[in-house]
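S.K.: This is a predicted model, with the sequence first.
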Amino acid sequence: MASDRMMQAIGTLERAISRLEQNVASLPEAAPHANGVDQTAALAALQSLDALIGELRERTDG
């Protein structure tokens, strides 16, 4: 039961991160700091979160 809820939460996080990655990727690269977002750092942070979620999924599955 808790495992099912955890898997649902992990799935929700994965979808949210995917949307954030798409949003960050669509930011203009010409002026990376004009909008207050460092696109490279934001993508690296999101990829790190994605990797952590993958580790959680492996622990839950396994």
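M.R.: Great, that's in hand.
S.K.: got the contact list for the most centrally placed residue in the chain?
M.R.: Central residue of the chain (Cα atoms, centre = their mean): Ile17, 2.9 Å from the mean position. Counting by Cβ atoms under 8 Å, 6 or more residues apart in numbering, Ile17 makes contact with 46, 49-50, 53. Every residue, glycine included, has its C-beta placed from N, CA and C.
S.K.: Just the ones of the residues you listed in strands?
M.R.: The strands, defined by DSSP state E, take in nothing from the contacts of Ile17.
S.K.: could you point out where the protein is predicted with low confidence?
M.R.: Within the chain, the stretches with pLDDT under 70 are 1-2, 28-35, 61-62.
S.K.: One more pass at 50, please.
M.R.: Across the chain, nothing is flagged by pLDDT under 50.
S.K.: would you list every one of the strands in it?
M.R.: Under DSSP E, the chain gives no strands.
S.K.: That one: helices as residue ranges?
M.R.: For the chain, the helices defined by DSSP state H occupy 2-25, 39-61.
S.K.: tilt between the first one and helix 39-61?
M.R.: For helix 2-25 against helix 39-61, the angle by axes from the mean of the first three to the mean of the last three Cα atoms, to 10 degrees is 170 degrees.
S.K.: okay, helix 2-25 in PDB with CA atoms only?
M.R.: Extracted as PDB, the C-alpha positions of helix 2-25 are listed here (Å, rounded to 0.1, in the frame of the first residue of the first chain):
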ATOM      1  CA  ALA A   2       2.700   2.500   1.000                       C
ATOM      2  CA  SER A   3       4.700   1.300  -2.000                       C
ATOM      3  CA  ASP A   4       1.800   2.100  -4.300                       C
ATOM      4  CA  ARG A   5       1.500   5.600  -2.900                       C
ATOM      5  CA  MET A   6       5.200   6.100  -3.200                       C
ATOM      6  CA  MET A   7       5.200   5.000  -6.800                       C
ATOM      7  CA  GLN A   8       2.300   7.400  -7.500                       C
ATOM      8  CA  ALA A   9       4.300  10.200  -5.800                       C
ATOM      9  CA  ILE A  10       7.400   9.300  -7.800                       C
ATOM     10  CA  GLY A  11       5.400   9.300 -11.000                       C
ATOM     11  CA  THR A  12       4.000  12.800 -10.200                       C
ATOM     12  CA  LEU A  13       7.500  14.100  -9.500                       C
ATOM     13  CA  GLU A  14       8.800  12.700 -12.800                       C
ATOM     14  CA  ARG A  15       6.000  14.300 -14.800                       C
ATOM     15  CA  ALA A  16       6.600  17.700 -13.000                       C
ATOM     16  CA  ILE A  17      10.300  17.500 -13.700                       C
ATOM     17  CA  SER A  18       9.700  16.700 -17.300                       C
ATOM     18  CA  ARG A  19       7.400  19.700 -17.600                       C
ATOM     19  CA  LEU A  20      10.000  21.900 -15.900                       C
ATOM     20  CA  GLU A  21      12.800  20.600 -18.200                       C
ATOM     21  CA  GLN A  22      10.600  21.500 -21.200                       C
ATOM     22  CA  ASN A  23      10.000  25.000 -19.800                       C
ATOM     23  CA  VAL A  24      13.700  25.500 -19.100                       C
ATOM     24  CA  ALA A  25      14.700  24.200 -22.500                       C
END
